[in-house]
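Q: the following block contains a protein sequence and its predicted model.
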There are 4 protein chains.
Amino acid sequence: MIRVGVNGYGTIGKRVADAVSAQPDMELAGVAKTQPNFEAHTAVDLGYPMYAAIPERAPLFAEAGIETAGVVDELVADADVIVDCTPSGVGAENRTMYASYDTPAIFQGGEDAAVAETSFNARANYDDARGADAVRVVSCNTTGLSRLVAPLSEAYGVEKVRATLVRRGGDPTQNSRGPINDILPNPISIPSHHGPDVRTIFPDLAIDTMGLKVPATLMHVHALNVTLESDVTAAHVRQLLEGESRVYVIPEGFGLDGAGKLKDFALDAGRPRGDIWENCVWGESISMEGRDLYLFQAIHQESDVIPENVDAIRAMTDAADAAESIERTNRTLGVGL
Amino acid sequence: MIRVGVNGYGTIGKRVADAVSAQPDMELAGVAKTQPNFEAHTAVDLGYPMYAAIPERAPLFAEAGIETAGVVDELVADADVIVDCTPSGVGAENRTMYASYDTPAIFQGGEDAAVAETSFNARANYDDARGADAVRVVSCNTTGLSRLVAPLSEAYGVEKVRATLVRRGGDPTQNSRGPINDILPNPISIPSHHGPDVRTIFPDLAIDTMGLKVPATLMHVHALNVTLESDVTAAHVRQLLEGESRVYVIPEGFGLDGAGKLKDFALDAGRPRGDIWENCVWGESISMEGRDLYLFQAIHQESDVIPENVDAIRAMTDAADAAESIERTNRTLGVGL
Amino acid sequence: MIRVGVNGYGTIGKRVADAVSAQPDMELAGVAKTQPNFEAHTAVDLGYPMYAAIPERAPLFAEAGIETAGVVDELVADADVIVDCTPSGVGAENRTMYASYDTPAIFQGGEDAAVAETSFNARANYDDARGADAVRVVSCNTTGLSRLVAPLSEAYGVEKVRATLVRRGGDPTQNSRGPINDILPNPISIPSHHGPDVRTIFPDLAIDTMGLKVPATLMHVHALNVTLESDVTAAHVRQLLEGESRVYVIPEGFGLDGAGKLKDFALDAGRPRGDIWENCVWGESISMEGRDLYLFQAIHQESDVIPENVDAIRAMTDAADAAESIERTNRTLGVGL
Amino acid sequence: MIRVGVNGYGTIGKRVADAVSAQPDMELAGVAKTQPNFEAHTAVDLGYPMYAAIPERAPLFAEAGIETAGVVDELVADADVIVDCTPSGVGAENRTMYASYDTPAIFQGGEDAAVAETSFNARANYDDARGADAVRVVSCNTTGLSRLVAPLSEAYGVEKVRATLVRRGGDPTQNSRGPINDILPNPISIPSHHGPDVRTIFPDLAIDTMGLKVPATLMHVHALNVTLESDVTAAHVRQLLEGESRVYVIPEGFGLDGAGKLKDFALDAGRPRGDIWENCVWGESISMEGRDLYLFQAIHQESDVIPENVDAIRAMTDAADAAESIERTNRTLGVGL
Ligand SMILES: NC(=O)c1ccc[n+]([C@@H]2O[C@H](COP(=O)([O-])OP(=O)(O)OC[C@H]3O[C@@H](n4cnc5c(N)ncnc54)[C@H](O)[C@@H]3O)[C@@H](O)[C@H]2O)c1
Ligand SMILES: NC(=O)c1ccc[n+]([C@@H]2O[C@H](COP(=O)([O-])OP(=O)(O)OC[C@H]3O[C@@H](n4cnc5c(N)ncnc54)[C@H](O)[C@@H]3O)[C@@H](O)[C@H]2O)c1
Ligand SMILES: NC(=O)c1ccc[n+]([C@@H]2O[C@H](COP(=O)([O-])OP(=O)(O)OC[C@H]3O[C@@H](n4cnc5c(N)ncnc54)[C@H](O)[C@@H]3O)[C@@H](O)[C@H]2O)c1
Ligand SMILES: NC(=O)c1ccc[n+]([C@@H]2O[C@H](COP(=O)([O-])OP(=O)(O)OC[C@H]3O[C@@H](n4cnc5c(N)ncnc54)[C@H](O)[C@@H]3O)[C@@H](O)[C@H]2O)c1
């Protein structure tokens, strides 16, 4: 049993905690939170040991009627692996603390690549993380891109990727974030940081990315162009992607024309939180013009990195090889729509 | 066992079907749909017998690989009660068909009150629906208002209700509806139709309502003023509402400051589709100025009427009294946050 | 000629500067800005003397090719009246500086009432500001409410005001503000601060307000209930409001059903920036139920306080009485749709 | 004097009417409208002769106190050129009527290319429209793309264009259009119709386009990639675009990071309706990776085609050559930020 601690229990942290709990070969040592809000109460209902992420705030939990098992240091000391799910930048600050307890740590994509030896995507470079002390699971967008680049470059060779990332302005709970009524080039400069981030996984990839931010909360949408090295048909590419376990090729007749309906589909299917761990590629959009592949995909920013975190835990602890881990994670979570 | 058919399998219909399936004293005879979209595929996965709502379109289901059990008439003939969940206005057109099979029918709040003998809210007038052949479960907003008016008028007497309904522009799946960036008085004339609709439940109530429509999809929010007939404290009102099984009084420290977080809370708690069947009244907002009560509540338009439909089925078939039915519905669904 | 300086050249400041420039009895001494952004360039094109609001940043203006006439202190020293249009809270910090030059100062509604001797609305309490050294022009919402309360209480007596303020989440330029997809009670506690703010103008008024924030940028919308002391008809109230120079009663046949169309109407009419200085009351919404008046009005947050600032300048310098000033301001700006 | 009639007086029509009125060599014969809404009242204030677009509705204008000069047929008969600004598809229905009076007609981009002999963009193919009887001014998006393709292909040669068009869901007045909270691939199939539409102007251009629709109303944003035939620097491209009269290269220090601020800038500058006739290309975004040019541009859908309509009138009547017409249009309207 791998004992896993989760530090930072927000959008990503709570999903990682649930996913870890669902693994037969893992055990949730506990979660560390800064404040006793609604998420803390649900954690208690789920029986997750609660640690105070900021020791001075521990009394707030008691006042709110929530028993704590200790403070975050104790959780880190106790865990075999700690998954840091704190806001961007805080992870880097926590690094020394994790190292001081010799606890291998996983960071999220909001951190700079330098936070860890290895940036990680299960499909693309699982082995790079084996035995590592610090691993960064790349961001939701980079994960989404990596899952396409890996099979495409293996099957056909990739000459160049050009991606426009139309990003949601904030998650559904982030009600102070905008924009309300604008389409923002973000960053305005090109290429955006997403391209270099993909190169932490595929160092030699030629990729240029452009980012925008729009008033939507449900999913990102990528408008993707990949110039392949081979001449292939769209049907062939589609078949390739349909064979990927973490890619869902949206069938034509389903009426799934946007994120609202994709989320409803996931909710109808009984997915926890309506999570969509898979890239959602519109089948109808997969097109070839010469060697230029085009497609649209939607990425559920809140959850696509969750199976990757689970796999990263196994890679770091050398508990399984890539194929085994991915299969186990997929089966226990229910990946595959 | 009460055999229940559901005609119209969209936002409301799919939830009614699931809720009926969860009742020990009911059986889902089947659902009727117009087209084999994603919702049809999920219904099949759930094992719901599928009927073609429009006979000529039955072949489309076959083409999509979905077996149908027949056409809607057969479902109506077979069911003890039919729940009509078709779009506003279509229910009225279906009335004669239901009557021709002598199948008691439940209609939704999008229909005019004249569609049925009785408009229905379980908390307020369950007995009016006992043995009725046609019942209309009132709309999401009217349900939300009725659940407050009932206890307030019983406990304190209500002199007058003034409600401003800030309504979501569309459900999350309705991606062609607006507004995108506007606040629309809707209707512009005052009072809006909501007040008279509440009077189908409380015929003598003095109530004036104003409606608006805004660019949000998650929940409606009501800004409510009730002039009571007695002098009471806000604390007393709060206690009263906390005693209501279909009202959730949001605790202060939970950080639940809007619909985005309320939905996340429901999703975290494992609610199917993140549904919130209860009125969500902000505890902190409950205030008294003289005999004027003020409060804010959020109403999950997609689901608050679901327990009401279940109770309406029992009322019409005289299968239980109000208290029994409400308790059974609440228990089987998991009402109560 | 009253020499007027404007400190803070953003949404409100640039409009005040233009409005002052349009007055025959006033002269714009200059404007103070913190940074040489697009608004600074337009100011230069308009020939407005530019002062550096933060002396250390003066070189940035030079680098951007913008000549400055000095720093803010010089502007304050030079002006007969300074209009502070800095962000909420900054005005209070500037108070001492203005006092040190003995320059009478006008503050905006983002400041606490305590910032000035008098809170001001031209229609309601012009005379209170005569000769004052510090005046606060109340916020856009309070201005909008005051313009209705004044005539209603004069004509009929007001027993109680209950107002729900459905506020825009941010101005069109404020692209980092949300919410994106939520309806937020804001503040959650009732009454909101707006009621007390209206009482800075009408000390004895019984008024309870509820505030919300929604994903829209164009205008606020108020759902208003006023219990009058007299029995009157809706037609009578409408006539009363049609007689108010800063209230526009939207005619029925114009198809103006929201802020988007109201703004287009103002733009079509050649209004500078499409500004709507008047309260926009939907004629069709004006209704009486007993002594309860109901109506909807839209308030253009960016501009309704502009004529009030102009009048406040005249009041403080005792340059005209209320009727004269209001008439002159209206005529020079073009108030009256 | 060219006598110009405008049929359809909405978003585009009212702007065309104003632009025509501002031309020294043109005269507005009148405008035809279907209903006497707010726009009709403003037209009357501007002294535009009003014609009933639907003869049976003429009495509605009289009831609204608006005098009509006749019905649309009379306007068509009287005009030297008619500019059709009716909704998509209606223009094609009007074609025969225009032909029956031998009145040359201009159609808008909502019509299929087949509606006219020639599709038109002043910068790219002015001469094709000389003397034509029917011309279609291409859509806002196609106009925006053509203004970049023309100089780029002249200066460097264009190997291929790949454009992602992030389109506003509706204009500010279109308050029933969505989406409210979604990012919609639209159309889902690739390439979108925009590429072929650009080829009505540049028949041999290799161009692939992807379209999306998002919850914003102010401007479209294009994420553009152009593979050039020459090796050039970004600085060189920037200089080229800065030399184009209908392209505004946004300077870095202006803080213009989105459409909200661009519109404010235009409004501050006194532009009628805050119109931005120019493509707005972010200077900071202009980048070269090898021969791949990347940039972001914002397109004001409501107004970028207006100068093109004016030029099309001159081309069809052979009143000026391209350079003369463009210069005159730019000068009279004030094109050039
Ligand atoms: N939300 C997404 O869309 C998304 C997707 C992929 C990756 N990420 C990355 O995941 C990380 C977490 O993001 P999130 O969206 O879950 O953020 P979040 O704000 O939802 O959650 C962060 C949690 O950490 C807590 N926290 C703050 N300071 C802390 C501290 N010092 N110690 C412990 N906990 C602390 C916060 O209270 C909060 O509960 C970031 O690096 C982010 O970039 C986010
Ligand atoms: N969505 C809400 O917020 C909400 C809340 C309370 C009540 N209601 C009411 O519930 C009813 C259903 O609304 P909804 O939101 O579920 O609508 P919906 O559009 O989500 O679902 C309606 C379903 O009925 C199907 N349908 C259309 N015509 C049909 C026909 N002739 N026969 C059978 N099925 C047909 C549609 O294909 C769709 O699947 C309406 O009266 C509505 O006013 C809706
Ligand atoms: N925008 C509205 O809707 C609105 C309506 C009514 C009243 N108000 C009030 O008007 C005031 C100004 O608001 P706004 O919307 O114009 O804000 P804004 O942010 O648009 O403009 C404020 C300007 O002040 C500048 N500034 C910041 N610090 C400064 C300093 N120390 N000295 C000088 N200038 C400084 C900023 O750079 C900016 O240009 C606030 O009190 C606000 O509450 C705003
Ligand atoms: N709005 C844009 O963003 C935009 C941009 C470029 C091109 N266009 C194109 O311009 C054309 C007009 O679009 P719009 O946005 O101005 O539409 P709009 O709806 O704003 O205006 C159309 C006007 O035509 C009137 N109308 C309807 N039927 C008519 C008829 N039979 N005869 C005369 N008038 C009639 C309508 O009442 C309305 O006033 C369309 O082809 C559209 O695709 C629009």
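A: Okay, I see it. Ligands and ions are numbered 1, 2, ... in the order given.
Q: looking at it, A:Ser245 is touching A:Gly334, isn't it?
A: No - counting by C-beta atoms under 8 Å, A:Ser245 does not reach A:Gly334; the two are 11.7 Å apart. Any C-beta I mention is one placed from the backbone N, CA and C, and that applies to glycine too.
Q: more neighbours, these two?
A: Higher neighbour count among A:Ser245 and A:Gly334: A:Ser245, with 18 against 14, using other C-beta atoms under 10 Å in any protein chain shown.
Q: quick one, what contacts that one?
A: Under the criterion of C-beta atoms under 8 Å, 6 or more residues apart in numbering or on different chains, the contact list for A:Ser245 reads A:326-327, A:330, A:335-336.
Q: now find how far off-centre the longest strand along chain A is within its chain.
A: In chain A, ranked by residue count with DSSP state E as the criterion, the top strand is strand A:158-168. The chain centroid and the centroid of strand A:158-168 are separated by 17 Å under C-alpha atoms, centre = their mean, to the nearest Å.
Q: which element follows it toward the C-terminus?
A: Later in the chain than strand A:158-168, the nearest helix or strand by DSSP states H and E is strand A:184-185.
Q: please, where are all the strands along the stretch 51-200 of chain A?
A: A:70-71, A:81-84, A:105-107, A:118-120, A:134-137, A:158-168, A:184-185 (DSSP state E, counting those that start in this stretch).
Q: remind me what the third one packs against, helices and strands.
A: Applying 3 or more C-beta pairs under 8 Å, 6 or more residues apart in numbering or on different chains; DSSP states H and E, one finds that strand A:105-107 makes contact with strand A:81-84, helix A:90-100, strand A:134-137, helix A:306-316.
Q: okay, the helix ranked longest in chain A in PDB with CA atoms only?
A: Counting by DSSP state H, the longest helix found in chain A is helix A:140-155. Only the C-alpha atoms of helix A:140-155 are listed here, as PDB (Å, rounded to 0.1, in the frame of the first residue of the first chain):
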ATOM      1  CA  CYS A 140      -4.600  20.500 -18.100                       C
ATOM      2  CA  ASN A 141      -3.900  22.100 -21.400                       C
ATOM      3  CA  THR A 142      -0.400  20.500 -21.800                       C
ATOM      4  CA  THR A 143      -1.900  17.100 -20.700                       C
ATOM      5  CA  GLY A 144      -4.600  17.500 -23.400                       C
ATOM      6  CA  LEU A 145      -2.000  18.300 -26.100                       C
ATOM      7  CA  SER A 146       0.400  15.600 -25.000                       C
ATOM      8  CA  ARG A 147      -2.300  12.900 -25.300                       C
ATOM      9  CA  LEU A 148      -2.700  13.700 -29.000                       C
ATOM     10  CA  VAL A 149       1.000  14.400 -29.800                       C
ATOM     11  CA  ALA A 150       2.100  11.000 -28.400                       C
ATOM     12  CA  PRO A 151       0.100   8.800 -30.700                       C
ATOM     13  CA  LEU A 152       0.300  11.100 -33.700                       C
ATOM     14  CA  SER A 153       4.100  11.300 -33.600                       C
ATOM     15  CA  GLU A 154       4.400   7.500 -33.000                       C
ATOM     16  CA  ALA A 155       2.100   6.700 -35.900                       C
END
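Q: got the end-to-end distance for stretch A:237-253?
A: 19 Å (C-alpha to C-alpha, to the nearest Å).
Q: pull out the buried residues from that stretch.
A: Using 16 or more other C-beta atoms under 10 Å in any protein chain shown as the burial criterion, the residues of stretch A:237-253 that qualify are A:237-238, A:240-241, A:244-251, A:253.
Q: I'd say A:Glu74 and A:Tyr51 touch.
A: Yes - proximity of A:Glu74 to A:Tyr51 meets the contact threshold set by C-beta under 8 Å, at 6.5 Å.
Q: which one of the two has more residues nearby?
A: Set A:Glu74 next to A:Tyr51 and count neighbours by other C-beta under 10 Å: A:Tyr51 wins out with 27 against 19.
Q: hmm, back to that, who are the packing partners of the longest helix of chain A?
A: In this structure, helix A:140-155 packs against helix A:122-125, strand A:158-168, helix A:194-198, strand A:220-228, helix A:234-242, strand A:279-282, strand A:292-299, with contacts taken as 3+ C-beta pairs under 8 Å, 6+ apart.
Q: out of the buried residues of stretch A:237-253, who's nearest C:Thr209?
A: Nearest to C:Thr209 among the buried residues of stretch A:237-253: A:Ile250, at 47.0 Å, using C-beta to C-beta.
Q: looks like that closest one contacts A:Asn279 (just checking).
A: No - with contact defined as C-beta under 8 Å, A:Ile250 does not reach A:Asn279; the gap is 10.3 Å.
Q: residues in the stretch 151-300 of chain A within reach of ligand 1, list them.
A: Counting by C-beta under 6 Å from any ligand atom, the stretch 151-300 of chain A comes close to ligand 1 at A:Asp171.
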